[in-house]
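**Q** okay, sequence plus prediction incoming.
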Amino acid sequence: MSRRFLVAVVVLLVAAAVVVLLPFQLDGYHEGLAAKVAIFFIAVLGLNILTGYTGQISIGHGAFMAIGGYTTAVMSHYHHTNLLLTLPLAFVIAFGFGVIVGIPALRFSGVYLALATFALAVALPQLLKHKALQRWTGGVEGITLVKPDAPFGLPLNADRWLYFFSLAIAIAMFFVGRNLLRGRIGRAMVAIRDNPIAAEAMGIDIALYKSLTFGVSAMFTGVGGALGAIAVQFVAPDSFGAFLSIAFLVGVVVGGLGTIQGAVYGALFIQFVPNIADRISKAAPWAIYGIMVILFMYLAPGGVAGFVHYVSKRWRRRT
């Protein structure tokens, strides 16, 4: 057994112990923050599948998160469905919505696709406020939810149970994404991103793959939206504004384009960097946020995942 393998196993066991024991050292507020990291991980991973692996730039994934969140809210509030049982429905509806959006998006690429999806991010919150949908969406006031208690009599409070549940869903989505991207479909996505003409010459149906990738990407983000609605216990149109979509794209780039582990770093960035910027300067927090984004891009142009890979590679050479 090599030394590198032993080190990897030790690091993995320590990380697993930290993740499991962490909520028992936190209060309810910080347990909620930890759960949101898992939720943002799912959403960022979904966007990374689309942008990092297929090369389709989207600034509209906040809309897909809204679809997932409102699916959970409407089913729970109006149809009294168990919150956790609404996740499969959010899964399916977000996928279908993504495919529908992906079909006309085939006509666009690059910045034109980015602008088209940005229009979606701007338009959907306004549609959710429209009086024709107000009886279902709650209009400007939104919909309030009740956080579920731990099932089967588990000795966990609601916040701690939600943390472990969000973590379990995030791990499951990680393996779904990993298996998808490391297989034939993932190789086809990368081929489309790198050279669409050569990919088409090899028999890859570009239109089909791009549409399905949009659906899969939306599906991931929709699941994140459903979990987010449960965690926050509230959904409203203004919660899914255009800046949320931009934040997802920033998280993908900062974390590392085309890397699954980059979604972890991107989620941490989305959750904590705005709060850090606010603590540094109450007067101009977004100016601090912008400076921090620039610093990340300057110091780690390949994203945090690329930087970690570089450091790990150097360490392996020395050992």
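**A** Structure's in. What do you need?
**Q** all helices for the stretch 201-319 of the chain, in order.
**A** 206-232, 242-255, 262-280, 285-299, 303-318 (DSSP state H, counting those that start in this stretch).
**Q** tell me the most buried of those?
**A** Mean neighbour count (mean count of other CB atoms under 10 Å) peaks for helix 206-232 among the helices of the stretch 201-319 of the chain, with a mean of 26. Heads up, the C-betas are built off the backbone N, CA and C, glycines and all.
**Q** by contact count, what packs against that helix?
**A** If you count contacts as 3 or more CB pairs under 8 Å, 6 or more residues apart in numbering; DSSP states H and E, helix 206-232 packs onto helix 28-54, helix 61-79, helix 87-105, helix 158-182, helix 184-194, helix 196-201.
**Q** these: which one's closest to Leu145?
**A** helix 61-79 (5.9 Å; CB to CB).
**Q** please identify the buried residues of that closest one?
**A** 61-77 (16 or more other CB atoms under 10 Å).
**Q** tell me what that helix is packed against?
**A** By 3+ CB pairs under 8 Å, 6+ apart, helix 61-79 packs against helix 28-54, helix 87-105, helix 110-129, helix 134-137, strand 143-144, helix 206-232, strand 234-235, helix 242-255.
**Q** now those in CSV, with mean pLDDT and distance to Arg178?
**A** Listed next are these as CSV, based on pLDDT from 0 to 100; distance: least, CB to CB, whole Å:
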stretch, mean pLDDT, distance to Arg178
helix 28-54, 90, 10
helix 87-105, 89, 18
helix 110-129, 89, 25
helix 134-137, 88, 35
strand 143-144, 90, 34
helix 206-232, 91, 12
strand 234-235, 92, 30
helix 242-255, 93, 15
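**Q** okay if I get those as JSON lines plus distance to Leu167?
**A** Putting those into JSON lines (distance: least, CB to CB, whole Å) gives the following:
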{"stretch": "helix 28-54", "distance to Leu167": "5"}
{"stretch": "helix 87-105", "distance to Leu167": "14"}
{"stretch": "helix 110-129", "distance to Leu167": "28"}
{"stretch": "helix 134-137", "distance to Leu167": "29"}
{"stretch": "strand 143-144", "distance to Leu167": "25"}
{"stretch": "helix 206-232", "distance to Leu167": "10"}
{"stretch": "strand 234-235", "distance to Leu167": "22"}
{"stretch": "helix 242-255", "distance to Leu167": "18"}
